[in-house]
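Undergrad: Next input, structure requested:
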Amino acid sequence: MSIYVQTDLVVVAISGYAKDMHSAKTSRRGPAGRRLTMRTDAPANVADGPGVVDALLDRTILFSFDRSGFQRHARRFRPDDLAVDLTGRVCLVTGANAGIGFAVAAALAERGGTVWLLCRDRRRGQAAVTAIRERTGNRHVHLGVVDVASLASVHAFVERFTPARVDVLIHNAGVLPATRQETADGIELTLATNVVGPFLLTHLLRERLAAAADGRVIFVSSGGMYTQRLALDDLQWKQRAFDGVTAYAQTKRMQVILTELFAKRWSKTGIAFHSMHPGWVDTPGVRGSLPRFWQLMRRRLRTLDEGADTVVWLAVAPPVAPSGRFWFDRAPQPTHLLPFTRERSADRAGLWRRCLRLAELDKV
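TA: Numbers count the residues shown, from 1 in each chain. Modelled structure (predicted):
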């Protein structure tokens, strides 16, 4: 699930202050911009970037993250990338009973994968499993009951999970609470669900991911992370007034950084790590948590399948290199648009240590 407000970033971008890592460069195809200057290191299965007009529209954010942005970007997609038979591959999707997670799980099932929907609510999860089986005819769709915000629940799921190999692990579950809440482990709920739980689950499945010929881990982040800098001084929101949208965006920044750290620290395992953001999508979470944003933007929001497209692409397409990149609409993206959001290397290392401690992996 991806829920976020981008209004501040839209204003900044349109005012001309949003700059990416290539902002000082020029290109023979047009003015400097992330999409014009990134093609030199793009993997072979990423089509050529857009022209000048598309690049300028992308820099407005509004006409990039909305449905019109997806429709423009889709013109450069390679359809054959998704023509993959997943028979025999084991795919796990958290938060898959609704929204983007459901769309991703259905797409993987349509391609023959053995798909596990990891859901907190057994009734809604089983209803989603039934719906996907009926839609796709794939009987290899299963429910795993797990609350990723609970360390005990994550451990219990992994202990009873029998497959010896995991080909794809997609961290999609997310929350945006209006008020500060703590889990039974004493962790603020947004941090527990969006960061600590996925961190723990990835560690516990390490050997099974490494056993796959092409193991992949994908974090469904959010464009809202562009507004936030990694800050470790009050991760638990104990010293400041709680702001759900900011807390959510900060955890989405952490997901992107952890993707990079996993890719570097686990480089010898053969597991590929990717993060992405789906754009502005019409999900139940957006309607419920951000009703004013939904009312304002509902005619411009992407469909669930459009929001799920890059997740599915990262899960099934020919290997995307290098590991650790941040993606949007099947293209690599800069991880910073605003200079003040860049973190220090010491803070990146500090985030890893904090996650180890909060997930109680430092005791292992």
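
Undergrad: Would you agree L296 falls within a helix?
TA: Yes: going by DSSP: H, G, I helix; E, B strand; the rest coil, the assignment for L296 places it inside a helix.

Undergrad: Can you report how many residues lie near it?
TA: Summarising burial for L296: neighbours were counted as other CB atoms under 10 Å, giving 11. Using the backbone N, CA and C atoms, a C-beta is placed for each residue, glycine as well.

Undergrad: got it, and P198?
TA: Count around P198 with other CB under 10 Å applied: 29.

Undergrad: check contacts around it.
TA: Remark: with contacts taken as CB atoms under 8 Å, 6 or more residues apart in numbering, P198 is in contact with T94, V148, H171, A173, F219, Q255.

Undergrad: what's the single longest helix in this structure?
TA: The helix of greatest length in the chain, counted in residues with DSSP state H as the criterion, is given as helix 244-265.

Undergrad: and the next element down the chain from it?
TA: Taking DSSP states H and E as the definition, the helix or strand that follows helix 244-265 towards the C-terminus is strand 272-276.

Undergrad: where are the low-confidence patches of this structure?
TA: Judged by pLDDT under 70, the chain has its weakly predicted residues at 1-50, 364.

Undergrad: which residue ranges form the strands in it?
TA: 90-94, 114-119, 141-145, 168-171, 216-220, 272-276, 326-328, 331-332 (DSSP state E).

Undergrad: Not counting sequence-adjacent ones, nearest residue to the residue nearest the centre of the chain?
TA: The central residue of the chain, meaning the one whose C-alpha is nearest the mean C-alpha position (CA atoms, centre = their mean), is V220 at 1.1 Å. The shortest distance from V220 to any residue that is not its chain neighbour, by CB to CB, 6 or more residues apart in numbering, is 4.5 Å, and that residue is N172.

Undergrad: correct me, but F70 touches E306?
TA: Yes: in this structure, F70 is within contact of E306 by CB atoms under 8 Å, at 4.7 Å.

Undergrad: Please identify every residue contacting each of those two.
TA: Here F70 and E306 share the contacting residues G279, scored by CB under 8 Å, 6+ apart.

Undergrad: For P332, which non-adjacent residue is spatially closest?
TA: Across the structure, with CB to CB, 6+ apart as the measure, the residue nearest P332 apart from its sequence neighbours is R325 (4.8 Å).

Undergrad: that older thread, so among the contacts of P198, which ones count as buried?
TA: Neighbour counting by 16 or more other CB atoms under 10 Å classes T94, V148, H171, A173, F219, Q255 among those as buried.

Undergrad: one step back: what phi and what psi does the backbone show at the residue nearest to P332?
TA: In this entry, R325 is assigned phi and psi values of phi -90, psi 160 (degrees, to the nearest 10).

Undergrad: ok, so what distance separates it from V168?
TA: Computed as CB to CB, to the nearest Å, the R325 to V168 distance reads 16 Å.

Undergrad: which of these two has more neighbours?
TA: Comparing R325 with V168 by other CB under 10 Å, the one with more neighbours is V168, at 28 against 24.

Undergrad: my read: that one touches I218, true?
TA: Yes: contact status for V168 versus I218: in contact at 7.2 Å, counting by CB under 8 Å.
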